[in-house]
Every structure is written in C-alpha cells, then in structure tokens.
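A.B. asks: give me coordinates for this.
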Amino acid sequence: VLHVPDTTRALGELAAIYRRKFDIPIVAVTGTNGKTTTKEMVFSVLSQRYKVVRSQGNFNNQYGVPLALFQLTGETEIAVIELGASYPGEIAQLCDIAHPTHGIITNIGKAHIEFFKTEDEVVQTKTTLLRAIKDRGTGFINGDDDRLKPFAEQFDNVLTFGLSEGVNFRGNNPIMKPDGGFVFWINYEDMHKTGSFNRMRIRLSVPGRNNIYNALAAAAVGLNFGIDETAVRGRLESFTSFSQRMEVTEWNNVKIINDSYNANPNSMIAALEFLVEYPSAGNRFAVLGDMLELGAISKKEHESLGKRAADLGIDRLITIGQNAQYISDSAGESGLRDCKHVTAHKEAARLLREELKPGDVVLVKGSRGSAMEKVLEYLYQI
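C.D. replies: Numbers count the residues shown, from 1 in each chain. Predicted structure coming up:
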C-alpha cells in the first residue's frame, strides 16, 4: 500500500507518467457544449483506420482523464480524451496529465459560470488547450464563435470549422430532414494539395443543428489524420444519438425530443430553436427545468430564456424548479399565453397527458440536477 497526502493528485501524476510511455497522438476535446458527442464522432471516424481508445461517457475531470489514459496499450495508435472545466485552471491541469497533441474547442458558453468570475475567465481556461498543444499538433476551433475567432490568428497551427464564410471546414446549405437530422455539404481545402478545394455531402441522422458543428469538427480531425472522404462520410452518417441528448422518439403519435441530460443558457436556446424548426403540424411544447451552476447571473439568464421562448413562438411552456419559475414568468410577460409552472415532475407529466394531441412535439430539457427525464418516465406510466 502506497500512502500519499493527496490521492487525486497522485492519480493524475501516475496517469501522466503512464501516458508518456506512449508516443502517440492524443486528441483532446473541450468546450461548453457538444464535448461528448464530438468526442464520440471523432472516435468513430478515426476508428475506421486506427486503433483508438477514448474517454468513457463524459468522464472528463481529474478522475476521468487519468482513467481514460490507463486504457492505453501497446496497440493503441490514437486516444481521444474529453476535458471538462468546472473551475479556472482545470484544463491546464488536465493537459499536464494527458499531454495532448491535438485539440478541439467546440464553443464557449455560460456553463459552470458559478465557479468563474467572468466569461472571459471561461475563455482563458478553455483555450489553455491551444497553448498546451502548440508546436506538437493541430487545434480545431469553432470559427463561428466570436470568443474563439481571435485564437485562429494567434496560433499558426489552428484550423476553424463552422457555417460562416472564411472557416477552413465549412458546412453549407444545411437542410433539416423529417427525422430532425440535417443534410449539408462540407467545403474544405485539400490538406495535401494547396489551392485544391473539395466538398463532401453529409446526411446526419443525429438531430439538431448543433450536431452539424460536432460533425464538422470530427470531419476536420479525420481528414487531418488521413481518413478518406468516403470513410468520414460513412462514419458520420451512421452515427446515432445518445440517450437523453437530442433523442427524438415517438409516443402516441407525439414526437418527443428528450434533451434532458444537461442544460445551460446556450444549449437551452439551441434546443428551443430546434423545437421550433422541427417539422410538426401540431403544437410545440417545451418542458424546462432549472439551469444550475450559473451563480449571480442565474435569475437574469432564466428570465432571458423565457423571453426567447416567447419570441420563438412556442405554443405551450411548462417549467419545473425554483429557478425555472423565472422562465415561465418572463415568457408570460413577453407574450407567451400558455405558461404553467409546477413543482413536481409528475404534475408536469399529468399536464402533458391532458393537453397533448397527435401531431404535437415536446421538448424536455434541464440541468442534470433537475432530472427532467422523470417527466417522461411518469408520462409513459400514467
């Protein structure tokens, strides 16, 4: 038995020593939203050609990253590791352990803001990844994110992805399919032939416009590692949703969008926009829970979300939770007529049961601590 003063630190130090036994690329994925999905897409694309290990689930902290690294073996050719940040400096600590050679930053938003003094502090924490990989490999950042754009100019080894002009990997002409996935083109410059541009058509099955960005990041990494277009396309098109992450199902001729795994202001707005965009002949219901870990800006962000819900024109709003009360209050003040606030998941399920009709579509979303999946569990039982 080895006695150490700090077991968490010792775990990280052991993992760092173990990682350095392997002279292989490690692709680290961080950002506010989309980390886990992007990590899984990258893993799927790279696995077409290489022997790849990855972080399990969303184990992305001081415990999860070391455990992921201990999966490395002599046969491993690439690892894909998710990095989370719940406090300033955490990405730097995780990079010291994982020693990544490549990095993806999906976006910057207002998650875990309770533990950061400002949003700029979030930016500085996340972009530590780019400084960590400098001179070792390539960084891939969301070129549509105004907070990340400047870093494409600061670092010579950074490529951008997004939907706007000027990015290195651009998603063009996205069209939503009946299942909520998107058809779009990826335009990019051939990495091995300067001045030669290619385009590839992708039919994503995973719902949500946000997944276009995740797919663009995965395609960029795959192409950077020499995966051919056909393989990239095949892996992205066969990729399926995770449970409780933009998971679209049908119940009694009603479409259910289960995005209950987690929530922050950016992902909530994206989910509401998807709800409005989703093909439906009936009413659009949003069942929303608290957004946690927002600290001093919590009330303001919940109120802002309520106004956004009203502006988007959803038909029914049901909220659950102390902070979510601000969502419904603000939505009502902003013109959304049918707003209801309840105190229990079962009550929300009962309201849905009474009001839903064939052809309607329902979004269920909230922070992990809100356990919004319980609404659906009760709905299916009633």
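A.B. asks: list the buried ones in the one helix or strand K300 maps to?
C.D. replies: In this assignment (DSSP states H and E), K300 forms part of helix 298-312. By 16 or more other CB atoms under 10 Å, the buried positions in helix 298-312 come out as 298, 301-310, 312. C-beta: built from backbone N, CA, C; applies to glycine.
A.B. asks: quick one: contacts of it?
C.D. replies: 110, 114, 265, 268-269, 272-273, 275-276, 286, 288, 290-291, 294, 317, 323-336 (CB atoms under 8 Å, 6 or more residues apart in numbering).
A.B. asks: filter those down to the buried ones.
C.D. replies: By neighbour count, with 16+ other CB under 10 Å, the contacts of helix 298-312 hold 110, 265, 268-269, 272, 275-276, 286, 288, 290-291, 294, 317, 323-332, 336 as buried.
A.B. asks: now the buried residues of helix 298-312 in JSON lines, with pLDDT and distance to A132?
C.D. replies: Output for the buried residues of helix 298-312, formatted as JSON lines (pLDDT from 0 to 100; distance: CB to CB, whole Å):
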{"residue": "S298", "pLDDT": "95", "distance to A132": "31"}
{"residue": "E301", "pLDDT": "97", "distance to A132": "30"}
{"residue": "H302", "pLDDT": "98", "distance to A132": "35"}
{"residue": "E303", "pLDDT": "98", "distance to A132": "37"}
{"residue": "S304", "pLDDT": "98", "distance to A132": "33"}
{"residue": "L305", "pLDDT": "98", "distance to A132": "34"}
{"residue": "G306", "pLDDT": "98", "distance to A132": "39"}
{"residue": "K307", "pLDDT": "98", "distance to A132": "39"}
{"residue": "R308", "pLDDT": "98", "distance to A132": "35"}
{"residue": "A309", "pLDDT": "98", "distance to A132": "39"}
{"residue": "A310", "pLDDT": "98", "distance to A132": "42"}
{"residue": "L312", "pLDDT": "98", "distance to A132": "39"}
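A.B. asks: biggest separation within the residues you listed, which pair?
C.D. replies: Taking every pair in the buried residues of helix 298-312 and measuring CB to CB, the maximum separation is 21.3 Å, between S298 and L312.
A.B. asks: what segments of the chain are helices?
C.D. replies: Here the chain has its helices, by DSSP state H, at 7-19, 35-46, 64-69, 90-98, 119-126, 128-133, 149-154, 210-224, 229-237, 265-277, 298-312, 324-333, 345-355, 373-381.
A.B. asks: mean pLDDT lowest where, among those?
C.D. replies: Lowest mean pLDDT within these: helix 119-126, at a mean of 88.
A.B. asks: identify the residues contacting that helix?
C.D. replies: Applying CB under 8 Å, 6+ apart, the contact partners of helix 119-126 are 30-32, 85, 88-92, 105, 108-110, 112-113, 116, 147-148.
A.B. asks: circling back: right, so of the helices of the chain, which gets closest to Q244?
C.D. replies: Checked against CB to CB, the stretch from the helices of the chain lying closest is helix 373-381, at 5.8 Å.
A.B. asks: what angle separates that closest one from helix 345-355?
C.D. replies: 50 degrees (axes from the mean of the first three to the mean of the last three CA atoms, to 10 degrees).
A.B. asks: and helix 373-381, how far out from the chain middle?
C.D. replies: 24 Å (CA atoms, centre = their mean, to the nearest Å).
A.B. asks: packing partners for it?
C.D. replies: Where contact means 3 or more CB pairs under 8 Å, 6 or more residues apart in numbering; DSSP states H and E, helix 373-381 is packed against strand 254-259, helix 345-355, strand 361-365.
A.B. asks: do that again at 6 Å, thanks
C.D. replies: On a contact count with 3 or more CB pairs under 6 Å, 6 or more residues apart in numbering; DSSP states H and E, helix 373-381 meets helix 345-355.
A.B. asks: since that was my last question, I'll sign off now.
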